[in-house]
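Enquirer: sharing a sequence plus its predicted fold:
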Amino acid sequence: MATRAGPSGIASGLLSPELLGFLVVWALGTVGYVLFPDDLAFLTRIVSIAFLVLSLDLVTGYCGVATLGHAALFGIAAYAAGNAARAGWADPLVLLAIGALVGAVSGLATGALIARFRGLPQLVLTIAVGQLVAALCNKLGWLTGGSDGLSDYTVGPLFGRIAFDMYGRVAFLMSVAILAVVFALLLRIVRSPFGLLTRAIKDDTVKARMIGASIYPRLVAMYGLSGAVAGIGGALGAITAGVVGLDGVSFERSASALVMLVLGGAGNLWGALAGTLVFHVFEHLVSTANPFHWMSLVGAMLILVVVFAPRGLSFGAIVLWSKLRARSP
Amino acid sequence: MRKFAVSLTAFAACLFAGTAMAADPIRVGIVGTMSGPYALFGQNFKRGIDAWVAQNGNKVGDIPVEFIYRDEEAPNPAKSRALAQELIVKEKVQYLAGFYFTPNALAVAPLLGESKTPLIVMNAATSAIVEKSPYIVRTSFTMWQNTKPAALVAKERGAKKVAIAVSDYGPGLDAEAAFKGTFEAAGGTVVEAIRMPLATTDFSPIMQRIKDSGADTVFTFLPSGPPTLGFVKAFIDNGLKASGVKLMSTGDVVTEPDLPNIGDAGIGILSTYHYAVSHDSPENKAFIDQFVKDGGKFDEIAMTSVAAYDGARLIYKMIEATKGQRDPDAAIAAVKSMSWVSPRGPVSIDPETRHIRQNVYLRELVKVDGKLLNKEIQTFEAQPDWALSKK
């Protein structure tokens, strides 16, 4: 159950989970591209946030680190990519690499501090780190544009040839391609001995230590990986939106990512993906239908999910699936 | 012969366009803060536009106009950009307008050229926005525009040592630079410049610093909302008002919806701003009557409604000039150097900067018939955005 959660468990006889993940992301992307050609900017934004939620799942869902400051990694990488573009590094793939690298370094640095603690002190520490980064980004106006945001940069065409168009086609296809690859890689990593060990650490730190696991380095390593994933999301946001704002490092961004993760189901990469998608699509639909009172509807949906599927939509779906299977053998 | 063919084609095109126009309304996308803590200002966009439509009809000639609203919610440039893209690509809007927050407006600027969409900024107040695209016009204000007169008034009224306290973000820094530059150029001294984090709720330490600085006047800017109230209360509770220190601000600190909360303690505060709800003119009276008639509350009229009302006027003018065709250059040309009498007073669009030139008023907070209001006591005529224009 732990390793074969979600659709991967269902189809495990046919495909490896990694290949399945890769194909499902592409299938979803194709559906979005074909059915909603006018909404690609919105869909691209979902992909960018999906990286942040996946990244959060790695530390919260798999390692049990409670964090409310995760957007810091996302935002720092976005600013790094924006500044790199401003300095003349216009190639989008280079910018993504820079984002991943800066995210990983920030993840290792903050992880080294945060992984020393457990429970409430840890939570408070993550908030403090997040707030510190947000305050710095506001203060360092020459680097970040302050509250006006960083927007005086241009991103060159993909592969030096394919320019980003206003309809967001190139940006969307590029984002989906990267998400598919990263998602498949992450599915592999969380099934690896390293991934399983982090799970053991989460479930019972004492027992994990008794079987000889060194806990601290594992957590820091996972934080680094998580930072790289968040960094890709941040850089992707900087590339496709053409602007980096303080919202990228804000407490609200961290908190909403956690809400999406809980909605989809923490401790399951499929859940992270589903939570991001469901949250954004629902928010988009109700805020378009009623731009004045949509927030209360989003709140109502969250309450319903927490009451009826407390472990998130993905676990709820698995439970429902196994019940249905049990009924019709 | 060839000429004839061309004119025939043009004629046919006109006919075709004519039938198409009658069927399809021109759509205008409005992005504003419709929910959350800043909802009052976004909803004022809608009220202002509704008032304009109620007075001028929902058609320009025989072209129907339709406004579509989206919620920008908070400073979130990526979201605003996606919303604008959706409005352009999916809803096929010909004009974009609104935008409460500067980063959100900046994020949309790069889309305007490729999509040939003019943007009317109805609030976002950082000077540089209008420089980001030739298709941007602004009907609100900038910090420089409203702050420079405040510094002149302070000097005129005998202030020698001023302490500046502003919120630590873009507009606050603009206000600080504008006040400091103007006041020092006029021969005054700035003894203290404090930048307060946006989330500050306890202003006592700041009041202590002001006291210690020996300033005779305090100039402040905070975005309208709960913090302004806290600042004014701390100013009074810490004895600065009693010891004779004067408080000056831009009108953002004493917007009309906030006045009941500030209460009588605020009486005497001087502020400079481009619009007071109490502005005495037939245009303003007609505007407010319409606002209230459409179901708006008198106490909830904010400056964004007037910016939107004037913005709608520009959009109607643009549609008229382009006969409903997508032609941003002609649309912008039609409103450059346009002048009219707005509810806030006489205004014009500066042809160089595409920012609005308007009177800035010095107002004093007074109580008339049991109601607090900003009474206009001095007028600085036809002020440009001082960051972009020198005269």
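Expert: Ah, there it is.
Enquirer: chain B contacts on the stretch 151-300 of chain A?
Expert: A:151, A:166-168, A:237, A:240-248, A:252, A:287-288, A:291-295 (Cβ under 8 Å from any Cβ of the partner chain). Just so you know, the C-beta spots here come from the backbone N, C-alpha and C atoms, and that holds for glycine as well.
Enquirer: so the closest residue to chain A within the stretch 201-350 of chain B, which state does it fall into?
Expert: At 10.2 Å from chain A, residue B:223 is the closest residue in the stretch 201-350 of chain B, using Cβ to the nearest Cβ. The three-state label given to residue B:223 by DSSP: H, G, I helix; E, B strand; the rest coil is coil.
Enquirer: tell me the spacing between it and residue B:318.
Expert: 30 Å (Cβ to Cβ, to the nearest Å).
Enquirer: low-confidence ranges in the chain?
Expert: If you meant another chain, say so; for now it's chain A. A:1-14, A:328-329 (pLDDT under 70).
Enquirer: my question was about chain B, not that one.
Expert: Across chain B, the ranges flagged by pLDDT under 70 are B:1-23, B:225, B:391.
Enquirer: more neighbours, residue B:223 and residue B:318?
Expert: residue B:318 (27 against 17; other Cβ atoms under 10 Å in any protein chain shown).
Enquirer: hang on, the residue of the stretch 201-350 of chain B closest to chain A packs against residue B:167?
Expert: Yes - Residue B:223 lies in contact with residue B:167 (Cβ atoms under 8 Å); the separation is 6.2 Å.
Enquirer: for the residue of the stretch 201-350 of chain B closest to chain A, give me phi and psi.
Expert: Residue B:223 adopts backbone torsions of phi -70, psi 140, taken as degrees, to the nearest 10.
Enquirer: ok, now residue A:37?
Expert: phi -60, psi -20.
Enquirer: what parts of the stretch 1-150 of chain B come near chain A?
Expert: B:34-36, B:39, B:43, B:69-71, B:74-79, B:81-82, B:85-86, B:88-90, B:102-103, B:106-107, B:109-111, B:114-115, B:126, B:128, B:132.
Enquirer: now list the buried members of the residues you listed.
Expert: Among the residues of the stretch 1-150 of chain B next to chain A, those buried by neighbour count (16 or more other Cβ atoms under 10 Å in any protein chain shown) are B:34-35, B:39, B:43, B:69-71, B:74-79, B:81-82, B:85-86, B:88-90, B:102-103, B:106-107, B:109-111, B:115, B:126, B:128, B:132.
Enquirer: quick check: strands, which of those are part of them?
Expert: Among these, the members falling in strands (DSSP state E) are B:69-71.
Enquirer: which single one of those residues is nearest to chain A?
Expert: Among those, and counting by Cβ to the nearest Cβ, the member closest to chain A is residue B:71, at 4.0 Å.
Enquirer: from residue A:295, how far out is the residue nearest to residue A:252 when sequence neighbours are not counted?
Expert: Among residues not flanking residue A:252 along the chain, residue B:74 sits closest, at 7.2 Å (Cβ to Cβ, 6 or more residues apart in numbering or on different chains). According to Cβ to Cβ, residue B:74 and residue A:295 sit 11 Å apart.
Enquirer: same deal with residue B:171?
Expert: 26 Å.
Enquirer: all strands for the stretch 251-391 of chain B, in order.
Expert: B:270-273, B:339-342, B:345-349, B:356-368, B:371-383 (DSSP state E, counting those that start in this stretch).
Enquirer: residue contacts, the residue of the stretch 201-350 of chain B closest to chain A?
Expert: Residues in contact with residue B:223 (Cβ atoms under 8 Å, 6 or more residues apart in numbering or on different chains) are B:167, B:171, B:198, B:252.
Enquirer: report the separation between the second one and residue B:98.
Expert: From residue B:171 over to residue B:98 the distance is 18 Å, taken as Cβ to Cβ.
Enquirer: do the last one as well
Expert: Computed with Cβ to Cβ, the distance linking residue B:252 and residue B:98 is 18 Å.
Enquirer: same question for residue A:162.
Expert: Taking Cβ to Cβ, one finds residue A:162 at 32 Å from residue B:98.
Enquirer: compare those two (neighbour count), which wins?
Expert: residue B:98 (34 against 13).
Enquirer: my read: the more buried one touches residue B:308, true?
Expert: Yes - if you go by Cβ under 8 Å, residue B:98 and residue B:308 touch, sitting 7.5 Å apart.
Enquirer: close to chain B: what parts of the stretch 1-150 of chain A are there?
Expert: Checking the stretch 1-150 of chain A against chain B by Cβ under 8 Å from any Cβ, the hits are A:38-42, A:44-45, A:48, A:135, A:138-139, A:141, A:145-149.
Enquirer: give the PyMOL command for selecting the buried subset of those residues.
Expert: Selecting only the buried entries of the residues of the stretch 1-150 of chain A next to chain B in PyMOL, with 16+ other Cβ under 10 Å as the criterion:
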select buried, chain A and resi 39+40+41+42+44+45+48+135+138+141+145+146+147+148+149
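Enquirer: just the residues of the stretch 1-150 of chain A next to chain B: which are in helices?
Expert: Among the residues of the stretch 1-150 of chain A next to chain B, the residues falling in helices (DSSP state H) are A:40-42, A:44-45, A:48, A:135, A:138-139, A:141.
Enquirer: now the common contact residues for residue B:223 and residue B:167.
Expert: With Cβ under 8 Å, 6+ apart, residue B:223 and residue B:167 have common neighbours residue B:198.
Enquirer: residue of the stretch 151-300 of chain B with the smallest distance to chain A?
Expert: As assessed by Cβ to the nearest Cβ, chain A sits closest to residue B:169 within the stretch 151-300 of chain B, at 3.7 Å.
Enquirer: next one: phi and psi at that residue?
Expert: For residue B:169, the backbone dihedrals (degrees, to the nearest 10) come out as phi -160, psi 180.
Enquirer: ranking the strands of the stretch 251-391 of chain B by burial, who's on top?
Expert: strand B:270-273 (a mean of 24; mean count of other Cβ atoms under 10 Å in any protein chain shown).
Enquirer: leaving out sequence neighbours, find the closest residue to residue B:95.
Expert: Using Cβ to Cβ, 6+ apart and skipping residues adjacent in sequence, the residue nearest residue B:95 is residue B:28, 4.6 Å away.
Enquirer: who touches the one you found in this structure?
Expert: So, once contact is read as Cβ under 8 Å, 6+ apart, residue B:28 ends up touching B:65-68, B:93-97, B:315.
Enquirer: try 10 Å
Expert: Residues near residue B:28 by Cβ atoms under 10 Å, 6 or more residues apart in numbering or on different chains: B:49, B:65-69, B:87, B:91, B:93-98, B:118, B:120, B:311-312, B:315-316, B:318-319.
Enquirer: now, these that are in helices?
Expert: Using DSSP H, the contacts of residue B:28 in helices are B:49, B:87, B:311-312, B:315-316, B:318-319.
Enquirer: closest one to residue B:301 out of those, please.
Expert: The nearest member of these to residue B:301, counting by Cβ to Cβ, is residue B:49 at 14.0 Å.
Enquirer: distance of that closest one relative to chain A?
Expert: 14 Å (Cβ to the nearest Cβ, to the nearest Å).
Enquirer: so that residue touches residue B:305, yeah?
Expert: Yes - the pair residue B:49 / residue B:305 is scored as a contact, 8.6 Å apart, by Cβ atoms under 10 Å.
Enquirer: need the residues touching each of those two.
Expert: residue B:122.
Enquirer: comparing these two, which residue is more hemmed in?
Expert: More crowded of residue B:49 and residue B:305, by other Cβ under 10 Å: residue B:305, with 30 against 25.
Enquirer: who are the contact partners of the more buried one?
Expert: B:40-41, B:43-52, B:122, B:275, B:277, B:287-288, B:291, B:296, B:343.
Enquirer: where helices are concerned, which of those residues count?
Expert: B:40-41, B:43-52, B:287-288, B:291.
Enquirer: filter the residues you listed to the buried ones?
Expert: B:40-41, B:43-52, B:287-288, B:291.
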